[in-house]
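**Student:** for reference, the sequence and a predicted model appear below.
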Amino acid sequence: KSISLDITKAQQFLPAGAIMALKEQTVAARKGLEEGTVPGNDFLGWLHLPSSITPEFLAEVKAVAEDLRSKAEVIVIAGIGGSYLGAKCVIEGLSNSFQWLVKDAKTPAIVFAGNNIGEDYLYELTQYLQGKTFAIINISKSGTTTETALTFRLLKTQLEQQVGKEKAKDLIVAVTDAKKGAARTCADKEGYRSFIIPDNVGGRFSVLTPVGLLPIACAGIDIDQLVVGAQAMELQCAVDVPFEENPAAIYAATRNALYQNGKKIEILINYQPKLHFYAEWWKQLFGESEGKDKKGIFPASCDFTTDLHSMGQWIQDGERTIFETCISVENPDNTLLFPHDEENLDGLNFLAGKHIDEVNKNAELGTRLAHVDGGVPNILISIEKLDAYNYGQLIYFFEIACGISGQLLGVNAFNQPGVEAYKKNMFALLEKPGYEEETKAIRAKLAA
Ligand code: PA5
């Protein structure tokens with residue numbers, strides 16, 4: 001079953017015909033992706049990625065994942081940004097919420113690192129790994145990202161100390177560029193197994209490359225179904241599908257129409273805690289793709305009902321510059337019925353016999369109605385359940401919507417020049433060789 005999209009509760013906030021007014025531009029944007037005529041067209045490798053993935057390639061990824069799973073108690077995934085969030089969002093979304101507490105000899109713990117520079121985080125990680133057999137997947141397209149490279153050196157050193165250099169070789173896998181960067185040099189020199197990140201797929205669009213697929217397979221998730229779901233969505237959003245039937249085109253046009261009408265912030269909403277990191281992935285996808293040239297919808301997120309007890313007030317009643325996009329999951333995986341209690345001291349017997357999900361669904365409906373009444377446009381995206389197939393659909397849906405939306409906004413959705421500014425300052429402050437002039441300049445600025 002395909003995802004479904006309901007924009008009626010967004011449309012009511014727009015002038016009549018506002019979405020259809022963007023139809024021609026949206027169709028042209030979809031065509032621009034197909035024909036490779038868009039800004040950033042050297043990074044369109046994600047567009048037909050799902051349909052180009054072969055069973056042989058998936059078998060290769062699964063074989064390496066199985067090998068690591070059989071050898072390691074813990075698999076550390078080192079990566080940041082696009083080399084982190086895709087795997088994290090799928091693994092969190094499709095694993096048991098308490099996996100990390102379940103001692104299961106057959107399933108290695110999956111731990112993420114290389115996405116921060118917290119000394120305590122890294123100290124505690126190295127402590128946790130003491131005496132354990134662990135594997136490392138070092139993921140970096142450039143192969144030079146500070147957070148990941150620094151973490152990898154720490155972990156590699158520890159692993160070699162714990163199991164020796166020879167054995168460590170079998171426990172380290174690199175996912176990086178075919179030729180460039182320190183991660184590639186190191187993998188080739190040390191003889192690690194490695195996977196290549198295609199040149200024409202940018203970090204935030206790379207979840208369906210080994211960047212995402214290898215860690216996801218390591219977590220025991222069905223990557224075949226993930227890809228099948230993405231392939232189904234690739235077909236549904238194909239260039240020859242009419243605008244009215246292309247969910248990604250409609251979503252892209254709707255959010256841009258809202259933006260043009262003063263709705264500057266999009267809040268991705270979920271009612272399932274497992275979707276928390278889905279929103280983190282989505283925020284990177286849209287934030288890094290669209291926030292440029294002093295333009296762009298600010299992508300935010302809330303986990304409901306949790307955040308109804310914190311951000312709910314603002315959303316209901318604050319400045320009316322927001323809209324919500326809700327990912328609704330139709331069916332839970334499990335059944336839990338609310339019990340009857342003779343004494344009814346908590347007064348909750350009106351819920352007795354109901355599914356917990358029925359309570360959640362009523363919270364969802366009640367919230368949507370309240371927020372719409374409060375002036376918050378609502379886009380509703382429903383999926384049947386949280387599984388690999390639906391995740392695959394959702395991933396591709398948002399990727400292609402983002403590729404279209406960036407053009408409607410008039411930006412190059414596939415570069416990220418803005419992320420260099422902090423790195424330049426950090427290297428200047430840390431006196432990295434080659435940054436001598438910048439070091440002088442930044443010291444003078446701080447002293448002024
Ligand atoms: O989307 C992007 O391009 C970035 O978020 C990168 O993925 C991130 O900076 C990590 O880069 P790299 O894979 O080169 O280490």
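**Tutor:** Right, received. Where do you want to start? Residues are numbered from 1 along each chain as shown.

**Student:** residues contacting the spatially most central residue of the chain?
**Tutor:** A centroid search over the chain (CA atoms, centre = their mean) returns residue 281, at 2.1 Å, as the residue closest to the centre. Contacts for residue 281 were tallied using CB atoms under 8 Å, 6 or more residues apart in numbering; they are 85, 86, 88, 89, 207. (Glycine included, C-beta is placed from N, CA and C.)

**Student:** is it within a helix or a strand, and which one?
**Tutor:** With elements delineated by DSSP states H and E, residue 281 resides in helix 276-290, which encompasses its position.

**Student:** closest to the ligand among the contacts of residue 281?
**Tutor:** residue 85 (7.9 Å; CB to the nearest ligand atom).

**Student:** tell me the contacts of the closest one?
**Tutor:** Contacts here follow CB under 8 Å, 6+ apart; on that basis residue 85 touches 204, 277, 280, 281, 284.

**Student:** apart from its chain neighbours, what residue comes closest to the closest residue to the ligand within the stretch 51-200 of the chain?
**Tutor:** When CB to the nearest ligand atom is the measure, the stretch 51-200 of the chain has its nearest residue to the ligand at residue 81, with 2.3 Å between them. Leaving aside its sequence neighbours, residue 81 sits nearest to residue 203 (CB to CB, 6 or more residues apart in numbering; 5.4 Å).

**Student:** so the one you found sits against residue 46, correct?
**Tutor:** No: judged on CB atoms under 8 Å, residue 203 makes no contact with residue 46 at a distance of 10.6 Å.

**Student:** contact partners for the residue nearest to residue 68 when sequence neighbours are not counted?
**Tutor:** Counting by CB to CB, 6+ apart, residue 135 is the residue found nearest to residue 68 once chain neighbours are left out, at 4.5 Å. Residue 135 is in contact with 68, 71, 72, 74, 75, 76, 108, 171, 172, 173, counting by CB under 8 Å, 6+ apart.

**Student:** hey, what's residue 135 bridged with?
**Tutor:** Residue 135 has these beta-bridge partners by DSSP bridges: residue 75.

**Student:** quick one: it from residue 66, how far?
**Tutor:** Using CB to CB, to the nearest Å, residue 135 is found at 12 Å from residue 66.

**Student:** residues shared between the contacts of those two?
**Tutor:** Going by CB under 8 Å, 6+ apart, no residue sits against residue 135 while also sitting against residue 66.

**Student:** ramachandran angles for the closest residue to the ligand within the stretch 301-448 of the chain?
**Tutor:** Per CB to the nearest ligand atom, the residue of the stretch 301-448 of the chain with the smallest distance to the ligand is residue 416, at 5.5 Å. With angles defined as degrees, to the nearest 10, residue 416 shows backbone torsions of phi -150, psi 60.
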